[in-house]
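Visitor: Based on what follows, work out the 3D shape:
(one chain, ligands or ions: 3)
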Amino acid sequence: MKKLRCKVCKGPIVIELRQHNVAFCAEHFISFCQNQVARTIKKFWMFGPEAKVLVAVSGGKDSLALWDILNELGYDVDGLVIGLGIGEYSSSSTQYTRDFAESRGLNLIEYDLASTHGFTVPDAAKATSRVPCSSCGMSKRHIFDSVAIDGDYDVVVTGHNLDDEAAVLFGNVARWQSEYLARQHPVLPAQNGFPRKCKPLIRLSEREMAAYCVLRNIDYIVEECPMAAGNKHLEYKDLLNQMEVDSPGAKHAFYFGFLDRASKLFADDFEKSLQTNAHGSEEPLSPCTSCGRPSSNAVCAFCKLVERAAPTSEPVSVEITPRPDMIDG
Ligand code: Q46
Ligand code: ZN
Ligand code: ZN
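Guide: Ligands and ions are numbered 1, 2, ... in the order given. Sure, this is the predicted structure:
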């Protein structure tokens, strides 16, 4: 069998990318990943070279790799990590993030739910009797938005990769959720007091991000959030991975085929979504009487959650019970 060589320098390879029909040595694989991100930022007009960028980091491979790549590409990029209070998982993910920031001399903003608002994600799940991801996702969005607006950031970027986006698309198509399909775009413009949001990793897969971290000496938390167990998107990822084995490039074709050919069919829904608030309501927005963020009610959903979830007496113990019907993590 013919021995594979790096596409660029013809040296020994560290990775083969069957979906692109190429293989690379370490140096050229790193450049490949960085070029893919640079190309995505340019193609989707995500942000310019002078932008002040805030990356939402979790301590996982994708967000740390994204932070590293944007830094290497020369962007002015700070990190934001949120302490969710999910036991050992949260403390160790924050520690990985701190270590990474320190090793690169980067600015990390730390935001702790418990010390700032008096509750953790498990407290919120208990208080609302809903799956943890529901209040967790809402709290994270509220905090990303507030920190980005208050800190005058031009854009918030997240480490959603090709596998994540293809799995979310699969779920949205399986149920024909047109309002979600309309918003499934790697760029959401700033609107109604909400910051611009972009996903520069959409061309890169989970496997590529793991390899990138190893080659760049990035230590990251390998464990998934314990509350993600049973998440439907993990099942969709498995299905898509099976397709990818038989037909390399299937995920890319599915997701980019949607962006190139089908997403415009939902343009009306997208325009409509821009007229609504983050929760899809068309009620006019006014400042929340408690936090001042735009809201369709007198008190925003996050501040209502704070009222319900912040324990008034004894702290609620951290009890992790994954449920099968969880929404996207
Ligand atoms: S952290 Fe939060 Fe995710 Fe854990 S509780 Fe769900 S949403 S799964 S990225
Ligand atoms: Zn090479
Ligand atoms: Zn509020």
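Visitor: where does the stretch 51-200 of the chain dip in pLDDT?
Guide: Along the stretch 51-200 of the chain, the model assigns pLDDT under 70 to no residue.
Visitor: Residue of it nearest ligand 3, please.
Guide: residue 142 (7.6 Å; CB to the ion). No exception for glycine: its C-beta is placed from N, CA and C like everyone else's.
Visitor: Would you mind confirming that that residue is in contact with residue 304?
Guide: No: here residue 142 lies out of contact with residue 304, judged by CB atoms under 8 Å, at a distance of 11.1 Å.
Visitor: more neighbours, those two?
Guide: residue 142 (21 against 16; other CB atoms under 10 Å).
Visitor: In space, what's closest to that one - neighbours in sequence excluded?
Guide: With CB to CB, 6 or more residues apart in numbering as the criterion, residue 142 has its nearest non-adjacent residue at 3.9 Å, and that residue is residue 302.
Visitor: ditto for residue 85
Guide: residue 120 (2.5 Å).
Visitor: Might you enumerate the residues of the stretch 101-250 of the chain proximal to ligand 1?
Guide: Proximity of the stretch 101-250 of the chain to ligand 1 is confined to 121, 132, 133, 136, 137, 225, 227, 228 under the rule CB under 6 Å from any ligand atom.
Visitor: Serialize those to a markdown table and add fields for secondary structure and neighbour count.
Guide: What follows is those, written out as a markdown table (DSSP: H, G, I helix; E, B strand; the rest coil; neighbours: other CB atoms under 10 Å):
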| residue | secondary structure | neighbour count |
| --- | --- | --- |
| 121 | helix | 29 |
| 132 | helix | 28 |
| 133 | helix | 22 |
| 136 | helix | 26 |
| 137 | helix | 15 |
| 225 | coil | 22 |
| 227 | helix | 24 |
| 228 | helix | 18 |
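Visitor: Which one of those is nearest to residue 160?
Guide: residue 137 (12.9 Å; CB to CB).
Visitor: just to revisit the earlier point, surely the residue of the stretch 51-200 of the chain closest to ligand 3 forms part of a helix?
Guide: Yes: secondary structure of residue 142 (DSSP: H, G, I helix; E, B strand; the rest coil): part of a helix.
Visitor: Numbering from 8 from now on, please.
Guide: Got it, the first residue is 8 from now on, which makes the last one we talked about residue 149.
Visitor: on that earlier part again, list the buried residues for the helix or strand where the residue nearest to residue 149 lies?
Guide: Element membership for residue 309 (DSSP states H and E) is helix 308-316. By 16 or more other CB atoms under 10 Å, the buried positions in helix 308-316 come out as 308, 309, 310, 311, 312, 313, 316.
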